[in-house]
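Novice: Got a predicted model here, sequence first, then my questions.
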Amino acid sequence: MIVADRVTGAARSLMQRTAIAPAAGLRVLAGSALLALLPFAFRLDGHAHADWLQFIGRFHPVLLHLPIGLIVLLPVLEIAGARRPALRDAADFVLRAALVLALPTFALGYMLAYGAGDMGTTVTRHMAGAIALCIGLMFCMLVRPAWAAGEQTRIYPALLTATLLILVWTGHQGSSITHGSDYLTHYMPGGLGRWFASGARDAYPDSFYSQHIHAVLDAKCVSCHGASMEKASLRLDSYQYLMKGGKDGAAITAGKPEASLLLARVTLASSDQHFMPAEGRTPLTSDEISWIRAWIRDGASPSATSVPGVNIAEVRSDPPPQPVGDYSALMADILRVQQGQGAKLVPVSGKPSDGLILRTVDVTPSFGDAQLAQFSRFAPYIVEAELGRTAITDASFDTLRTFTHLRALHVDGTAITGSQLARLAPLSQLTYLNLSGTKVDAQSVASLKSMPHLRHIYLFNTPAEPDPSAARSTP
Amino acid sequence: MKQHPLCTDCEPEINVMDLPIPADLKQAWSTMETRRRFLGRSGKVLGWAALAGLLGESAIRGHAGGGDAKNSSAAHPRNDLGLPHFAPKAKRAIYLFMSGGPPQMDLLDYKPGLAAQFNVDIPDSVRGNQQLTGMTAGQAHFPIAPSHWPFKQHGQTGTWVSDLLPYTARMVDDLTIVKSVNTDAINHEPAIMLMNTGNMNAGKPCLGSWLAYGLGSMNDNLPTFIVLQTMINSKENNQPVSSRLWSSGFLSSEFAGVGLRSGGDPVLYLADPGGVDREVRRKMLDAVEQINRQTLADVGDPETNARIAQYEMAFRMQASVPELTDLSKEPQSTWDLYGPDAKQPGTFAYNCLLARRMAERGVRFTQIYKRGWDVHGDAVGMLPVLCQETDRGCYALVTDLKRRGLLDDTLVIWAGEFGRTVYSQGGLSAENYGRDHHPRCFTAWMVGGGVRPGMTYGETDDYSYNIVKDPVHVRNFNATILHCLGIDHNRLTYNFQGLDQKLTGPVPASVVQGLLA
C-alpha cells in the first residue's frame, strides 16, 4: 500500500509539474496499455490468417514513410521555433498528425505480419519498436503543452529524443525484413565492415554447399526464411536449419531431388500459389536450380567440395571487357594497312571503345608474321585476333604479346608449337584461346595456368588434348 | 528504251528520250521507269548468261555499295549503319529449320499425364474457341494421342528427352530449350514466312538478309548468307520451301540468301567451261563490267551495281566454293562424329558439316532446311525416319563447333514454323496417329553465343496445347536472335513504303531476357 501510495503521489506531482489533465493522462495510459497488450491478444505464431488482412496490410510500406517524415520534421520545427515562434505552433500540429498516421501504419504492419504468418526475431523487434514509438508519440503529446508554455523544460526534449532513436531502430528492423539484414553492411568498405560482420562462420567454407547452395538460398530465400523472418517456420540460413525443414516437413531429402520439397517449390509454375520465391521476388535461375538438384542427388553433403557434373569454372562469367582508347585518329593508317595486305580491322560494335577485331579470313594463306607485325601499332585497340589457319609461326608472339587488350586469340590450325605460349602472360584480359589443330603439348599449355581470366582454351586435335571426347578444358 | 548490249533478241522499243516531249517529263520518266525496266529486262536476261542462274535470285536483283568490285578488300562491313549496336556474343548464326512443324510432345515437351488419357477427347476448355485447319475442323472427336515413345531424363539438368532423339539427349546441358514459342499462323506458308521474315506476306526480308544487311560480310570470297536444302525423302510429307524464305524483300538483293544445291554441283555453272581458263574468265568479266558500268551511267539503276558485284562474287566463288565443299581433308574424327550420312552430299548431316566449314570460313548466316516434318498421318512411321535423319547431324554440328572453339561466338537455332496438336488427326489406333498444325505452342532450341546453356524456358499445359508460363512470340524469338548478334531489333530498320521496316514488324517486340547468358 505504501508503495502504491508513493507511486500515485509521484505521478500526481509529475502531472502537476507538467500541467497534465488527469483525463488526458488516463487516455494515454489506456492507449499505451492497449498497444502493449496487442501482441498477446494476437500472437505472431507463424500461422497465416485471413487473406484480406494481408491485402490491407500490404499498404504498410506505402503509408509508413509519411509518419517517419513528420516525426523527423518535429525536432527541426522545435529547434527552428526558438527563432520563429510560428514554427512551434506548426510543430504541435505535426506531432498530432504524426500520431494520427503512426497508429494506422502500425495497424497495417500488424495486419501484414499477422495475415502472412510472419515470425522471427526481426519481425518481433520491429513490432516492439513500433509499439514503443506510438507510445512515445502519445507521451510527447501529453507533455508538450507544458514545455511549450515554458513551465517545464526537460521532459519533452528527452522524450522526443528517445522517440527519434526508437524510430531509427524500428526503421532499421523493418528494412532488414524487406532488404535482408546485411543490406547496410554488405557494401561497407572493408575496415568498417569488420565491426559489423556477423561472427558466424561456415564449418566448411570451401564446400559446394557454402560456395553455391548457401549463396543461392541467401540471395533468394533468406529474407523470408531466415533469422529475421521464419515463414512457415522454415529457416534456410544455415545447413542445420535447411536440413531441419519447416512446418510442411523436410525441405531436403538427401539423394532424392524429386522428393525434396524445396526443389519442388522452386520448380512449380510461377503462377502456382505454392511457387517460391513467393510474391514476385526474383525466381531461381535454371543454373541455380540445377546446382541444387545435383547437390541433393549427390547426398546434400555439407562438406563435399564438388558435385559430379557441375563445372563451377563454367558457370563463372567472364570479366567485363576493358574499354579501349579512341583510335579514330588512326583510321587513315588502318585503312592503308588493310588495303595493302587484305587483312581487316573491324570494329566490334558501333561503340569505338569496344575495340577492333583483326580479321584475316580473306587472306589466310598469305598472312604471316610480317603482316601481323604491321598491325602492332594498333595493338592497344585490338581485342580479338582471328589468325586461324594463317601462316604465322612462333615468331608472331613478339607482336601478339603487345596486344594488351586482347580478349580472344584464334591461332588454330597454325604452325605455332607452344614453346612461346608463356609469353602471352602479360595479356591480362585474355579469356579465349583457340589452339586447336596446332602442335602444342600439355606442358606448354600448363604455362597458361597463371593467366587470371583465361577460361576458354581449345585443344582439339593437339597433343595436349586431354581426352578426345572432351576437347574443352579449363586450366 | 535502249537495247541491252548483250541482248540479241530484243525487239526495237520506243525510246522515250527521243520523243518530242518536254525535257522535265523525260527526266521524270528516267527516274520512274526503274521497276518497269527492271521487270522487262530481267525476263530477257535470264536466258543470255549462264552465270545468271549461278546465284539464283540474288543475281537478278540489286546491290548497293561495293565500289571497286575487283578490289575485294573494298567490300567492308557496313560500318555506316553503326552496327553491331553493342558488342555481340555471337558473330554468326546457323539456323536448322525443321520445315513442316515438328511435333513438340513427341520430341522435347514431355507430357507424362497423357498416357492415361489415350483416346480421351481433349477437354473443350483447353481448345477454347480456336479455329482449326480445314484438315481437322470437321472431326467429331479430338482424341488425345500420347507420344508413342518413352521419355527419359538426361544430363545434369535432368531434361526430359524422347527416345527418338538419343543424340540430342547427349547435349541437353548445352541447349537453351524454349517450349513456349507461339505463332499467329496455322498454315505452312504464312507460318514459315512469319518465322523467317516476321510477316506472313511475301516481300519482307528474312532474318538472314537483315543480318547480311546489318552486319555485312566477314569473308569477301563467300556469300554472307547461304541456304542449304536437304535432299527430299520422298516418303515424307514435304511442304514446299521456296526462295521467298531467303529473299531480301525490299532490301538490296545483294543480301538475299545464296542457295547451294543439295545434289551435284553445289552451284550450277560455277566451273569454267572447257577451254576457258581463269585468265579468259577474268577478261570477260572485266569487259562485261565495263558494259554494265556504261548501262549504269545511262540508266542509274542500282540493280546494275548489284549485278556487277554478283559477277565478282561468282568469280571469287569459283575458287572458294570448291575449297569449301572439298571434304577430303576432314579427319576421321569428323566422320566418327557426323556419321556415314555426312559423306553423301545433300543429307542433313552433310549440310551440318558444311555449315561448320562455313562457320570456320566466316559465313555470317547459314540456314539449313529440312523438310518432311508435316506428320498429319503415320507419325509413328515417319518420326523415327525424320529423327534418324536429323538427330545425329544436330548433335554433331553443336559438338563439332564446341570442340573447335566456334560455339563461343556462333549461335545455333533449331526451330520449325509451328507445333502439332496433341489430338490425333484422323483415326487414332493403338499403333499410330497423326497430328495437325498447332500454332499456340511449339518447342525450339538454341545453343551457343549469347544464350544461357542448360535451361528450359517456358511451359505448356498438360496437353502441350496452351502456354502457361513465359510465352515467346515469334517476333520476340527473332528479337532475341538479333540481340545475340549485337543488334537492337528496334534500331535495325530500313525505310520502305513510308515506314521504318524491321524484322520484328510494327507490333512491339522484346528480347527474351530469360534466354540470355
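Specialist: Yes, it's here.

Novice: Going by C-alpha atoms from here, please, whenever you check contacts or count neighbours.
Specialist: Noted.

Novice: In chain B, where is pLDDT below threshold?
Specialist: B:1-14, B:31-80 (pLDDT under 70).

Novice: now do 50
Specialist: Along chain B, the parts satisfying pLDDT under 50 run over B:1-2, B:44-79.

Novice: Check it and tell me which residue is nearest its centre.
Specialist: Computing the C-alpha centroid of chain B and ranking residues by C-alpha atoms, centre = their mean puts B:Gln367 first, at 4.2 Å.

Novice: Angles on the backbone of that one, please.
Specialist: phi -120, psi 120 (degrees, to the nearest 10).

Novice: Confirm for me that it is in contact with B:Thr224.
Specialist: No. Using C-alpha atoms under 8 Å, B:Gln367 and B:Thr224 do not qualify as a contacting pair, with a distance of 11.3 Å.

Novice: give me the number of residues near residue 137?
Specialist: The chain I'm using is chain A. By the criterion of other C-alpha atoms under 10 Å in any protein chain shown, A:Leu137 has 25 neighbours.

Novice: actually chain B
Specialist: Neighbours around B:Ala137, by other C-alpha under 10 Å: 13.

Novice: before we move on, back to that, distance of the residue nearest to the centre of chain B relative to B:Ile467?
Specialist: Using C-alpha to C-alpha, to the nearest Å, we find B:Gln367 at a distance of 28 Å from B:Ile467.

Novice: Equivalent analysis for B:Trp414, please.
Specialist: 19 Å.

Novice: okay, those two: which has more neighbours?
Specialist: Neighbour count, other C-alpha under 10 Å: between B:Trp414 and B:Ile467, B:Ile467 has more, with 21 against 17.

Novice: what pairs with that one across the strands?
Specialist: B:Ile467 has these beta-bridge partners by DSSP bridges: B:Thr460.

Novice: ok, it to B:Asn182 distance?
Specialist: B:Ile467 sits 8 Å away from B:Asn182, going by C-alpha to C-alpha.

Novice: shared neighbours of those two, anything?
Specialist: B:Arg440, B:Cys441 (C-alpha atoms under 8 Å, 6 or more residues apart in numbering or on different chains).

Novice: Close to chain A: what parts of the stretch 351-500 of chain B are there?
Specialist: Within the stretch 351-500 of chain B, the positions near chain A by C-alpha under 8 Å from any C-alpha of the partner chain are B:361-362, B:402-405, B:454-456, B:459, B:468-469, B:486.

Novice: got the contact list for A:Ile392?
Specialist: With C-alpha under 8 Å, 6+ apart, A:Ile392 has these contacts: A:Phe367, A:Gly368, A:Asp369, A:Leu372, A:Thr414, A:Ala415, A:Ile416.

Novice: quick revisit: any idea what the residue nearest to the centre of chain B is bridged to?
Specialist: Going by DSSP bridges, B:Gln367 forms beta bridges with B:Tyr95, B:Val227.

Novice: residues in contact with it?
Specialist: B:Ile94, B:Tyr95, B:Leu96, B:Phe97, B:Phe225, B:Ile226, B:Val227, B:Leu228.

Novice: Spatially, which two of those are the most separated?
Specialist: Farthest-apart pair in the contacts of B:Gln367 is B:Phe97 and B:Phe225; separation 14.5 Å (C-alpha to C-alpha).

Novice: Can you pick out the residue with more neighbours from the two?
Specialist: Ranked by neighbour count (other C-alpha under 10 Å), B:Phe97 and B:Phe225 place B:Phe225 first, with 28 against 22.

Novice: wait, doesn't the more buried one sit right on B:Gly208?
Specialist: Yes. At 6.0 Å, B:Phe225 counts as touching B:Gly208 under the criterion of C-alpha under 8 Å.

Novice: where do the strands sit along the stretch 251-400 of chain A?
Specialist: Along the stretch 251-400 of chain A, counting by DSSP state E, counting those that start in this stretch, strands occupy A:344-347, A:356-359, A:382-386.

Novice: can the longest one be found next to chain B?
Specialist: No. When contact is scored as C-alpha under 8 Å from any C-alpha, no part of strand A:382-386 falls within range of chain B; the minimum is 10.4 Å.

Novice: Send me that strand as CSV with only the CA atoms.
Specialist: Included here for strand A:382-386 are C-alpha records, laid out as CSV according to Å, rounded to 0.1, in the frame of the first residue of the first chain:
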residue,chain,number,x,y,z
ILE,A,382,42.7,-4.9,-80.9
VAL,A,383,40.5,-7.1,-78.6
GLU,A,384,40.3,-10.1,-80.9
ALA,A,385,42.7,-11.6,-83.3
GLU,A,386,41.4,-14.1,-85.8
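
Novice: helices or strands up against that strand?
Specialist: Counting contacts by 3 or more C-alpha pairs under 8 Å, 6 or more residues apart in numbering or on different chains; DSSP states H and E, strand A:382-386 packs against strand A:356-359, strand A:408-410.

Novice: right, and these - which one's nearest chain B?
Specialist: When the helices and strands packed on strand A:382-386 are compared by C-alpha to the nearest C-alpha, strand A:356-359 sits nearest chain B, at 8.0 Å.

Novice: Mind giving me the packing neighbours of the closest one?
Specialist: Looks like strand A:356-359 contacts strand A:344-347, strand A:382-386 (3+ C-alpha pairs under 8 Å, 6+ apart).

Novice: Tell me which residues of the first one come out buried.
Specialist: Buried residues in strand A:344-347, defined by neighbour count with 16 or more other C-alpha atoms under 10 Å in any protein chain shown: A:Lys344, A:Leu345, A:Val346, A:Pro347.

Novice: What of the last one?
Specialist: Residues of strand A:382-386 classed as buried under the neighbour-count rule (16+ other C-alpha under 10 Å) are A:Ile382, A:Val383, A:Glu384, A:Ala385, A:Glu386.

Novice: correct me, but the third one touches A:Arg407?
Specialist: Yes. Applying C-alpha under 8 Å, one finds A:Glu384 in contact with A:Arg407, separated by 5.8 Å.

Novice: shared neighbours, B:Phe225 and B:Gly208?
Specialist: Here B:Phe225 and B:Gly208 have B:Phe255, B:Ala256, B:Gly257, B:Phe365, B:Thr366 as joint contacts, going by C-alpha under 8 Å, 6+ apart.

Novice: got a winner among those residues for most neighbours?
Specialist: B:Ala256 (35 neighbours).

Novice: where's that one relative to A:Val361, distance?
Specialist: 22 Å.

Novice: Do a quick rundown of the helices in the stretch 251-400 of chain B.
Specialist: Assigned by DSSP state H, counting those that start in this stretch, the stretch 251-400 of chain B shows helices spanning B:278-299, B:302-325, B:332-338, B:348-360, B:379-403.

Novice: tell me the most buried of those?
Specialist: Comparing the helices of the stretch 251-400 of chain B by mean neighbour count (mean count of other C-alpha atoms under 10 Å in any protein chain shown), helix B:348-360 ranks first with a mean of 24.

Novice: can you list contacts of it?
Specialist: Applying C-alpha under 8 Å, 6+ apart, the external contacts of helix B:348-360 come out as B:92, B:94, B:228-231, B:324-325, B:338-339, B:341-345, B:366, B:368, B:370, B:389-390, B:392-394, B:396-397, B:400-401, B:406, B:410.

Novice: Same check on stretch B:93-103?
Specialist: In contact with stretch B:93-103 (C-alpha under 8 Å, 6+ apart) are residues B:188, B:192, B:238-239, B:241, B:355, B:364-375, B:410-421, B:435, B:437, B:442.

Novice: let's go with 7 Å and repeat that
Specialist: B:188, B:239, B:364-374, B:410-420 (C-alpha atoms under 7 Å, 6 or more residues apart in numbering or on different chains).

Novice: do stretch A:404-421 as well
Specialist: A:379-394, A:397, A:427, A:429-441, A:444.

Novice: Kindly report the same for stretch A:380-387.
Specialist: Against stretch A:380-387 from outside (C-alpha under 7 Å, 6+ apart): A:324-325, A:355-360, A:403-411.
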